[in-house]
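Peer 1: quick one, fold the following:
(chains A and B)
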Amino acid sequence: MTEKVVEVESLVKRYENIIAVDGVSLDVYRGEIFSLVGPNAAGKTTTVEILECLRKPTSGSAKVLSFDVTRDEMQIKKRIGVMPQDFNSFERLTVKENVKLIAKIYNRGEIKRSLEALGIWDARDRKFLTLSGGMKRRVGICMALVSDPELLFLDEPTTGLDPQGRKECWEVIRTLKELGKTVFLTTHYMEEAEKLSDRVGVIVKGKIVAMDKVDALILKYGGGVKLVVKGGEKAGDILKKFTKNIFRDKEGNIVGKFPSQKEASKVLIALYKLGEEYTTEIMEPSMDDVFLRLAGGKIDERGELI
Amino acid sequence: MRGIWAVFSALVKNWLRSKMGVFFSFLFPVMLLLIFGLVFSGSEGTKYTLYIQNFDLDQGKPTNLSAAFISALDSTGTFSIKKLDPQINVTDYVKENPSFSSYRILIIPEGFEKKTMNRSMSIRTGVIIDTLVEIEQMYGSYMSERNRKIISEGRLTLSEWKKATPTVESSEILVLTTEGDTAAPMIKGIVYSVINAFNNKLIGAEEIVKITSQPLVERKLKPADYYLPGYIASFIMTNGIVGATSTISEYRRNGTVKRLAATPLPKSSWILGNVFQQTLLAFMLTAIMIGFGWLIFGVRAFPDAYALSLIFVGAVAFCSVGMVLGGVIKDVEAASGAGNAIAFPMMFLSGAFWPLDMMPGYLQTIAKFLPLYYFHDGLRNIMIHKNPALSLIPFLILGIFAIIFITIAVKVTKWKEL
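Peer 2: Residues are numbered from 1 along each chain as shown, chains lettered A, B, ... in the order given. The predicted structure is shown next:
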């Protein structure tokens, strides 16, 4: 897990008066799923498209599979698989024909095995146009996979899908990892980054604000475990004994913050000793909390920072 | 080159499976072929409407001579004659019945027959007197005294009689035409030639100079044969410039281009794959147009190997223009608008639909700068005149044009965002 397949150093992409990517540095290791997570217009796609050799960087360096993106374009393109943002393909070709087209361009690829790996072999003769959003993305991932690349770039693979389609897509992405592929993912869904990735880079306004393993990020920026207590006025007094970090949420429940679940459990035990009727809930911190802490906002369903 | 065939077959399949797309690709050319075919190559040829107002009536019916004059005009086959009642005021009639085409009105005055007959007698008399004078001068010395005297007396008697009768003016046929009517001189010419024939007949003159006409091209061709190469060339051009432009910009808009750009496919393969797909479409279009031409107009000018090669070069040339437009203009609507703005003026200016001679001189000069002119001209030379040697220049011009535009297309098509 130490071999770097992507090495980015102080990458800058400047348009006339907008800096889309503002000094991004990151590494991706062989065999991992790396997610670049952030709201719309944070610079995710620009970064990925520079790595895919679809855009030219303004400055900085970027290497993919130890090839330079500005000099060895063809070497990189031959070795990577790509699913672009808002992926689309020939609408009236079948699933199989679309996948076959890519295999022909790469002059290699096992079509049947790739279709089977992504669970779309049964849909092989359906026209692309007739597929659901989730199926289309699976075809897109299959098209990225068919040439048997070492590294796959999936740019917002689940954006616009319903929860079911999204979950199916996650399964497929996990399959890629099982096949030994390295996956570079972009998303604005915190849940997706948390569930799928080994490592996450949080990008806001063209800058990476944090990058680490998911657990480490949550531990560092998640703000600890929250214990929500409903009912019982005495609960507040008990909580005060264990933490200074107490507040009331919108519903008027008492909430205490603790550095870990173990600390929160101590409070629970103390509460139950009182014998009063409580409803308690322990809330684990998530990537949402990490992002809220780092960017001072949330990302809505469409990827906008709110 | 890598992947051209893969891209080509994907594009062809994707297009062929769009039933609506295929239908409309062919519908428009076929419709125009039918419309233009019927307008320009009807068996009757062009007829001009000529209104005739006949004041020369005898008890309410046209006099024999005026009726004969009208039927002589009709027999030229140039006019579709409409009669206007003598009660009608022509100026008011034109005002009350505005028409898209120009009015041409011929008025036969009252007393036309009588005047004409009298005038004809008076002229004939004059001719006889002149003839008698000449006979006396040239042959008088060979005649007997008696004959010379009789001729001389006859001439004098005739002259006195002629002097005694009042001079008769020639009758006037009035032709009214609209200002700016380009066909007016031709119509006046035809009317004049009919009047001239009448003049000759009325003084009993035989034809001195005759005219005969024959078709120049020996093969039995229908008018549609002549127009078909123009239609084929035009629709290959519009298909290339308008069709290819919108196809390619749509592929770019919906992300297909980005998907392919991220593979090792060279962009020249993408461009050539598209050009060849459009070229295949051009051949299908040619086949369909000739099929319809054959079924409906009995066209017999089928393309041979030379014609097919020129169609290939032409299709490649015009599709490359489409690829350039689609490469430069990002917006799908704007791209197809630009395609239309180039294709349609070219279609009408190049003389593909009507002979260039019909257009003003400066437009004829402009036509010579349009690649479509060389395309339809070359195609016509091969298909109608069976003279491939004459289409060498079109081959060269279109070939160079194709190479230049493919090169530009490769330059302007963005495989990579800046």
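Peer 1: quick one, helices of chain A?
Peer 2: Counting by DSSP state H, chain A has helices at residues A:44-51, A:73-79, A:95-106, A:111-117, A:133-145, A:163-178, A:190-196, A:214-221, A:235-242, A:261-274, A:287-295.
Peer 1: any chance of those helices in JSON lines, with distance to B:Leu280, mean neighbour count and mean pLDDT too?
Peer 2: The C-beta positions use only the backbone N, C-alpha and C, and glycine is treated the same way. As requested, those are exported to JSON lines (distance: least, Cβ to Cβ, whole Å; neighbours: other Cβ atoms under 10 Å in any protein chain shown; pLDDT from 0 to 100):
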{"stretch": "helix A:44-51", "distance to B:Leu280": "33", "mean neighbour count": "25", "mean pLDDT": "95"}
{"stretch": "helix A:73-79", "distance to B:Leu280": "28", "mean neighbour count": "18", "mean pLDDT": "94"}
{"stretch": "helix A:95-106", "distance to B:Leu280": "18", "mean neighbour count": "23", "mean pLDDT": "95"}
{"stretch": "helix A:111-117", "distance to B:Leu280": "26", "mean neighbour count": "17", "mean pLDDT": "93"}
{"stretch": "helix A:133-145", "distance to B:Leu280": "25", "mean neighbour count": "24", "mean pLDDT": "93"}
{"stretch": "helix A:163-178", "distance to B:Leu280": "37", "mean neighbour count": "16", "mean pLDDT": "91"}
{"stretch": "helix A:190-196", "distance to B:Leu280": "44", "mean neighbour count": "21", "mean pLDDT": "91"}
{"stretch": "helix A:214-221", "distance to B:Leu280": "52", "mean neighbour count": "17", "mean pLDDT": "89"}
{"stretch": "helix A:235-242", "distance to B:Leu280": "77", "mean neighbour count": "16", "mean pLDDT": "77"}
{"stretch": "helix A:261-274", "distance to B:Leu280": "67", "mean neighbour count": "14", "mean pLDDT": "80"}
{"stretch": "helix A:287-295", "distance to B:Leu280": "52", "mean neighbour count": "20", "mean pLDDT": "87"}
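Peer 1: B:Ala334: which of those helices is closest?
Peer 2: Of all the helices of chain A, helix A:44-51 sits nearest to B:Ala334, with 24.2 Å by Cβ to Cβ.
Peer 1: just give me how far that closest one sits from the chain centre.
Peer 2: The chain centroid and the centroid of helix A:44-51 are separated by 14 Å, computed with Cα atoms, centre = their mean, to the nearest Å.
Peer 1: helices or strands next to that helix in the packing?
Peer 2: Counting contacts by 3 or more Cβ pairs under 8 Å, 6 or more residues apart in numbering or on different chains; DSSP states H and E, helix A:44-51 is packed against strand A:4-15, strand A:18-29, strand A:33-37, strand A:59-64, strand A:151-155, strand A:182-187.
Peer 1: recalculate using a threshold of 10 Å.
Peer 2: strand A:4-15, strand A:18-29, strand A:33-37, strand A:59-64, strand A:80-83, strand A:151-155, strand A:182-187, strand A:199-204 (3 or more Cβ pairs under 10 Å, 6 or more residues apart in numbering or on different chains; DSSP states H and E).
Peer 1: what's the mean pLDDT across the first one?
Peer 2: Pointing back at strand A:4-15 there. Per-residue pLDDT over strand A:4-15 has a mean of 95.
Peer 1: swap in the shortest one?
Peer 2: Averaged across strand A:80-83, pLDDT comes to 96.
Peer 1: can you check the last one too?
Peer 2: This predicted structure assigns strand A:199-204 an average pLDDT of 94.
Peer 1: and the angle from it to strand A:18-29?
Peer 2: Strand A:199-204 runs at 170 degrees relative to strand A:18-29, counting by axes from the mean of the first three to the mean of the last three Cα atoms, to 10 degrees.
Peer 1: partner strands of strand A:199-204, with direction?
Peer 2: strand A:33-37 (parallel), strand A:207-213 (antiparallel) (DSSP bridges).
Peer 1: show the average pLDDT along the last one.
Peer 2: Which is strand A:207-213. Here the average pLDDT along strand A:207-213 is 93.
Peer 1: tell me the angle of it relative to helix A:44-51?
Peer 2: Using the same axes, to 10 degrees: strand A:207-213 against helix A:44-51 is 80 degrees.
Peer 1: buried ones in strand A:207-213, by neighbour count?
Peer 2: A:208-212 (16 or more other Cβ atoms under 10 Å in any protein chain shown).
Peer 1: residues making contact with that strand?
Peer 2: For strand A:207-213, contacts defined as Cβ atoms under 10 Å, 6 or more residues apart in numbering or on different chains pick out A:8, A:11, A:19, A:21-27, A:32, A:34, A:36-38, A:42-43, A:47, A:197-204, A:216-221, A:290-291, A:293-295.
Peer 1: mind redoing it with 8 Å?
Peer 2: Contacts to strand A:207-213, defined as Cβ atoms under 8 Å, 6 or more residues apart in numbering or on different chains, come from residues A:22-26, A:43, A:198-203, A:217, A:220-221, A:290, A:294-295.
Peer 1: including mean neighbour count, could the helices and strands packed on helix A:44-51 go into TSV?
Peer 2: Compiled in TSV, the helices and strands packed on helix A:44-51 are given as follows (neighbours: other Cβ atoms under 10 Å in any protein chain shown):
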stretch	mean neighbour count
strand A:4-15	18
strand A:18-29	18
strand A:33-37	26
strand A:59-64	18
strand A:80-83	27
strand A:151-155	25
strand A:182-187	25
strand A:199-204	24
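Peer 1: for those strands, please prepare CSV with the additional fields distance to B:Gly180.
Peer 2: Formatted as CSV, the helices and strands packed on helix A:44-51 follow (distance: least, Cβ to Cβ, whole Å):
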stretch, distance to B:Gly180
strand A:4-15, 56
strand A:18-29, 58
strand A:33-37, 71
strand A:59-64, 67
strand A:80-83, 64
strand A:151-155, 64
strand A:182-187, 68
strand A:199-204, 71
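Peer 1: okay, the angle between the lengthiest helix in chain B and helix A:95-106?
Peer 2: The residue-count maximum for a helix in chain B (DSSP H) belongs to helix B:267-297. Angle of helix B:267-297 versus helix A:95-106, following the same axes, to 10 degrees, is 130 degrees.
Peer 1: show me what helix B:267-297 is packed up against.
Peer 2: Using 3+ Cβ pairs under 8 Å, 6+ apart: helix B:267-297 touches helix B:4-16, helix B:19-40, helix B:223-238, helix B:244-253, helix B:256-261, helix B:305-328, helix B:392-412.
Peer 1: any idea which of those scores lowest on pLDDT?
Peer 2: helix B:19-40 (a mean of 80).
Peer 1: which other helices and strands contact it?
Peer 2: Checking 3+ Cβ pairs under 8 Å, 6+ apart, helix B:19-40 ends up next to helix B:4-16, helix B:223-238, helix B:267-297.
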